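Asker: Compute the structure for the input listed below.
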Amino acid sequence: MTKSLQAWKLCLKRPKSLLLRCLVMLSAIITIFVLLYIIGYILIKGIPNLKPELFAWEYNKDNVSMMPAIINTITMTFMSLLFAVPVGIASAIYLVEYAKRGNKVVPIIRLTTETLSGIPSIVYGLFGYLMFNLTFKWGYTMLSGALTLAVMILPLIMRTTEEALLAVPDTYREGSFGLGAGRLRTIFKVVLPSAVPGILSGVILGIGRIVGETAALIYTAGTVAGIPNSLMDSGRTLSVHMYALLSEGLYTEQAHATAVVLLVLVLVINYCSSLAAKKLGVKK
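Answerer: So this is what the prediction gives:
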């Protein structure tokens with residue numbers, strides 16, 4: 001309490017600092033209010049429309065079940081991470097640990113990844129459609145959608161992993177080298193365990209983008225409302241399912257219920273990922 005009073009007295013002596021402090025607090029209040037408003041709106045609109053038939057195993061026009069979409073969302077998330085995480089982490093390890101300092105290619109790669117992170121998802125959808133659907137002749141399949149999402153989140157995972165590796169002090173590496181460990185052993189036994197929380201933060205952000213993605217999947221995975229028999233069949237995720245219900249204009253209430261389930265699913269996945277990051281951070 002005393003520190004807060006001292007901070008406010010200091011701000012009163014400096015009007016610009018007081019103005020900046022008020023703007024920061026106002027921005028935080030507005031952000032929290034908007035977040036709570038969106039969550040409250042989704043819950044108020046969606047919870048009354050949650051009915052048992054929405055969780056039936058098979059989809060039809062009578063129940064408009066979202067269960068196939070839930071299963072497809074989990075499958076799509078797992079597949080996309082399976083493709084993107086190893087490649088993204090390996091690329092970051094090369095840039096930080098193996099690329100020579102002063103290498104002119106490294107800044108170009110970093111600039112490219114940052115640029116790719118800002119490209120709209122519909123562009124990735126068109127790329128996936130041209131590459132996987134037409135060139136590889138896979139058609140609208142879960143595999144096409146997963147690879148497209150993997151390409152989309154790859155720059156994000158790569159950059160967050162690189163920043164996490166750069167945050168590891170060089171003294172850790174020097175100590176490992178001094179004990180006789182090689183570079184590869186140092187990376188896997190010393191550097192990566194220390195960077196796990198930062199790496200998982202990027203993975204969590206990637207999961208959020210996968211679960212909420214719609215445009216890229218419409219062009220690649222399709223909108224079939226059912227559980228696919230294989231990766232070469234079409235299927236829709238929860239976000240695509242909600243978009244399809246709203247675009248038809250006949251199942252608005254079911255779409256609101258789907259939004260609640262999607263919100264809960266994202267919160268559960270993020271909570272589990274954060275919990276895993278904390279446990280791994282304590283173990284290291």
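Asker: Find the residue at the geometric middle of this protein.
Answerer: Closest to where the C-alpha atoms of the chain average out (C-alpha atoms, centre = their mean) is G206, at 2.1 Å.
Asker: how about the helix or strand where that one lies: buried residues?
Answerer: Here G206 sits within helix 192-211, counting by DSSP states H and E. Within helix 192-211, the residues that count as buried by 16 or more other C-beta atoms under 10 Å are 192, 194-211. Backbone N, C-alpha and C define where each C-beta goes, glycine included.
Asker: any idea how far the residue nearest to the centre of the chain is from S117?
Answerer: G206 sits 11 Å away from S117, going by C-beta to C-beta, to the nearest Å.
Asker: Same question for N60.
Answerer: Counting by C-beta to C-beta, the gap from N60 to S117 is 40 Å.
Asker: quick one: which of these two has more around it?
Answerer: Neighbour totals were compared for N60 and S117, and S117 leads with 14 against 11 (other C-beta atoms under 10 Å).
Asker: Give me the common contacts of G206 and S117.
Answerer: In terms of C-beta atoms under 8 Å, 6 or more residues apart in numbering, G206 and S117 are both contacted by the residues L156.
Asker: where does T223 land on pLDDT?
Answerer: Note for T223: predicted pLDDT of 83.
Asker: Secondary structure class of it, three-state.
Answerer: coil (DSSP: H, G, I helix; E, B strand; the rest coil).
Asker: what about it, neighbour count?
Answerer: By the criterion of other C-beta under 10 Å, T223 has 16 neighbours.
Asker: which residue packs closest to it, ignoring adjacent ones?
Answerer: In this structure, T223 finds its nearest non-sequential neighbour in R236, 4.8 Å apart by C-beta to C-beta, 6 or more residues apart in numbering.
Asker: I'd say that neighbour and A221 touch.
Answerer: Yes - with contact defined as C-beta atoms under 8 Å, R236 reaches A221; the gap is 7.1 Å.
Asker: how far away is A257 from T237?
Answerer: Taken as C-beta to C-beta, the span from A257 to T237 is 16 Å.
Asker: oh, I was asking about S65
Answerer: In this view, S65 and T237 are 14 Å apart by C-beta to C-beta.
Asker: that older thread, how about the residue nearest to T223, what does it touch?
Answerer: Residues in contact with R236, defined by C-beta under 8 Å, 6+ apart, are 68-69, 72, 217, 221-225, 244.
Asker: And the helices in the stretch 51-200 of the chain?
Answerer: Secondary structure of the stretch 51-200 of the chain (DSSP state H, counting those that start in this stretch): helices at 67-93, 105-117, 121-128, 142-166, 170-178, 183-186, 192-211.
Asker: The longest one: which residues count as buried?
Answerer: Pointing back at helix 67-93 there. For helix 67-93, a neighbour-count test (16+ other C-beta under 10 Å) marks 67-73, 75-77, 79-81, 83-85, 88-89, 91-93 as buried.
Asker: Same check on the third one?
Answerer: Along helix 121-128, these residues count as buried under the neighbour rule (16+ other C-beta under 10 Å): 121, 124-128.
Asker: Now that helix - C-alpha only, PDB.
Answerer: The C-alpha trace of helix 121-128 is given here as PDB (Å, rounded to 0.1, in the frame of the first residue of the first chain):
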ATOM      1  CA  SER A 121      -5.500 -17.800 -42.800                       C
ATOM      2  CA  ILE A 122      -7.500 -17.800 -46.000                       C
ATOM      3  CA  VAL A 123      -4.300 -17.400 -48.000                       C
ATOM      4  CA  TYR A 124      -3.000 -20.600 -46.300                       C
ATOM      5  CA  GLY A 125      -6.300 -22.200 -47.200                       C
ATOM      6  CA  LEU A 126      -5.900 -21.400 -50.900                       C
ATOM      7  CA  PHE A 127      -2.300 -22.600 -50.700                       C
ATOM      8  CA  GLY A 128      -3.400 -25.900 -49.100                       C
END
